[in-house]
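Engineer: Structure of the sequence below:
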Amino acid sequence: SLYFHLSTYNFLPQFTISLLRAGRRGAGRPPVVLQPRSGDVMRGSRAVLGRAVIDSTLYWLHAATADEAAYLVAIMNAPSMMKAFEHSRESGRDFHKHPWKKIPIKRFDADNREHAELATLTELAEEMLANWFDRSENAHLKLGQVGWSARIRDFLTQQGVLPEIDLICRKLFPRQAV
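Structural biologist: As a prediction, the model looks like this:
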């Protein structure tokens, strides 16, 4: 099982969109993967430190490469992995570091076709979401974290990206993905 030593931080409710932009503008800076400390749904996002506002309810880890970060973000957002993340919690709604101890996620291997595909799909999703959000009808919506998360997942499902990520995760994690 892949285990990362994570420090705790958090992000603003509209974290996903601001972090998408931050991740793309951070050339030369080490990427980080962000996850909520607790919640009903696991979410993951990439960012570059110094480009996002974070506080005490987010865990983050330094990824070796942008592709490794994208690979992990894909797994964290795959619908078929939600039950595995939910069952990794040891109390109520708190994820903490438990998923990284209990779910056998292999280290990113750039030569592994599925790993590389997940990284590419995350990059595609980030680009699509940034363009989608920039449209005037989306940019002015006043939604909280849960509302944005649902809209983002619906959009990526309609575009076919999230189902493709999910299919690959089902192959990589046949015992965890449901």
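
Engineer: Please identify the buried residues of stretch 163-170?
Structural biologist: Within stretch 163-170, the residues scored as buried using 16 or more other Cβ atoms under 10 Å are 164, 165, 166, 168, 169, 170. Heads up, the C-betas are built off the backbone N, CA and C, glycines and all.

Engineer: Can you give me the separation between the nearest residue to residue 30 once chain neighbours are set aside and residue 130?
Structural biologist: Take residue 30 and drop its neighbours on the chain: the residue closest to it by Cβ to Cβ, 6 or more residues apart in numbering is residue 62, 5.2 Å away. Separation of residue 62 from residue 130 (Cβ to Cβ, to the nearest Å) stands at 23 Å.

Engineer: ranges for the helices of this protein?
Structural biologist: Along the chain, counting by DSSP state H, helices occupy 15-24, 66-77, 82-88, 98-102, 113-134, 136-139, 145-158, 161-172.

Engineer: Can I get those helices in TSV including mean pLDDT?
Structural biologist: As requested, the helices of the chain are arranged in TSV below (pLDDT from 0 to 100):
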stretch	mean pLDDT
helix 15-24	44
helix 66-77	92
helix 82-88	77
helix 98-102	72
helix 113-134	92
helix 136-139	67
helix 145-158	87
helix 161-172	94
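
Engineer: Out of those, which gets nearest to residue 35?
Structural biologist: Closest approach to residue 35 among the helices of the chain is made by helix 66-77 (6.2 Å; Cβ to Cβ).

Engineer: packing partners for that closest one?
Structural biologist: Applying 3 or more Cβ pairs under 8 Å, 6 or more residues apart in numbering; DSSP states H and E, we find helix 66-77 packed against strand 31-36, strand 45-48, helix 113-134, helix 161-172.

Engineer: could you redo those as TSV and give each row distance to residue 82?
Structural biologist: Below are the helices and strands packed on helix 66-77 laid out as TSV (distance: least, Cβ to Cβ, whole Å):
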stretch	distance to residue 82
strand 31-36	13
strand 45-48	16
helix 113-134	16
helix 161-172	10
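
Engineer: Out of the ones you listed, the one nearest residue 80 is which?
Structural biologist: Of all the helices and strands packed on helix 66-77, helix 161-172 sits nearest to residue 80, with 5.0 Å by Cβ to Cβ.
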